[in-house]
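In: Got a sequence here, can you build the structure:
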Amino acid sequence: MKCSILPLFFCVMVALTFLSLPISAPAFTAEDIAQLKEHGVDDETLKILIDRQADLLGIVTVSGIIRMKESGVGNDVLRVLVSAPEPRKRVRTYGTQLMRPLRSITAQDLIRLKQSGFGDDLLRAVIEIQQRDLWPVLVDLGVIACDGYR
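Out: Coordinates of the predicted model:
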């Protein structure tokens, strides 16, 4: 009986080790993506990273997008980034998302993006993602009444 307990114990310990490993990779930041680009990672690879990434918390900010643009990240990559679907496990509390502050995009933000070389298609995408994120918050707070929402 002692001989069978040791292998069973070993198997359990190995299984627990694998189960304790993180299931998804840590989220990339705008700075991470900018540095990847500066080190020669092509846009197609960046799109795959963004598309497959489990969580991109805090990455869609005006300064983050400008930083990525300045590092040479292409418009197609930025378009994928700002239109990526919201991860299911993201926490939403009274109009805020984990690490993504709730505030409306301002004219100054749009001007900064435009001066940084963004086309109108990317500006529209930034506005659309803001609108998509704010709509459920307005409904949750009772600012907008919408039949059938949820």
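In: alpha carbons only for contacts and neighbour counts from here, please
Out: Fine.
In: Give the residue spans of this protein that score low on pLDDT.
Out: Within the chain, the ranges that satisfy pLDDT under 70 run 1-28, 51-59, 83-107, 110, 123, 126-150.
In: try 50
Out: Scanning the chain for pLDDT under 50 picks out 1-6, 8, 11-26, 54-55, 57, 88-102, 149-150.
In: Confirm for me that Gln30 is in contact with Lys69.
Out: That one is not Gln; residue 30 is Ala. No. With contact defined as CA atoms under 8 Å, Ala30 does not reach Lys69; the gap is 9.9 Å.
In: Which helix or strand contains Asp121?
Out: With elements taken from DSSP states H and E, the one containing Asp121 is helix 120-140.
In: Please apply the same query to Leu46.
Out: Going by DSSP H and E, Leu46 is part of helix 43-52.
In: Report all helices and strands that that helix contacts.
Out: helix 30-38, helix 75-82 (3 or more CA pairs under 8 Å, 6 or more residues apart in numbering; DSSP states H and E).
In: out of the ones you listed, nearest to Ile50?
Out: helix 75-82 (6.3 Å; CA to CA).
In: Tell me what angle the helix holding Leu46 forms with helix 75-82.
Out: Angle, helix 43-52 to helix 75-82, by axes from the mean of the first three to the mean of the last three CA atoms, to 10 degrees: 10 degrees.
In: Just the residues contacting helix 43-52, thanks.
Out: For helix 43-52, contacts defined as CA atoms under 8 Å, 6 or more residues apart in numbering pick out Ile33, Lys37, Leu56, Val73, Gly74, Asp76, Val77, Val80, Leu81, Ala84.
In: As CSV, could you dump the C-alpha coordinates of it?
Out: What follows is helix 43-52, C-alpha atoms only, in CSV (Å, rounded to 0.1, in the frame of the first residue of the first chain):
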residue,chain,number,x,y,z
ASP,A,43,1.6,44.4,-37.7
GLU,A,44,0.1,41.0,-38.6
THR,A,45,1.6,39.4,-35.5
LEU,A,46,0.4,42.3,-33.3
LYS,A,47,-3.1,41.9,-34.7
ILE,A,48,-3.0,38.2,-33.7
LEU,A,49,-1.7,39.1,-30.2
ILE,A,50,-4.5,41.6,-29.8
ASP,A,51,-7.2,39.3,-31.3
ARG,A,52,-6.2,36.3,-29.1
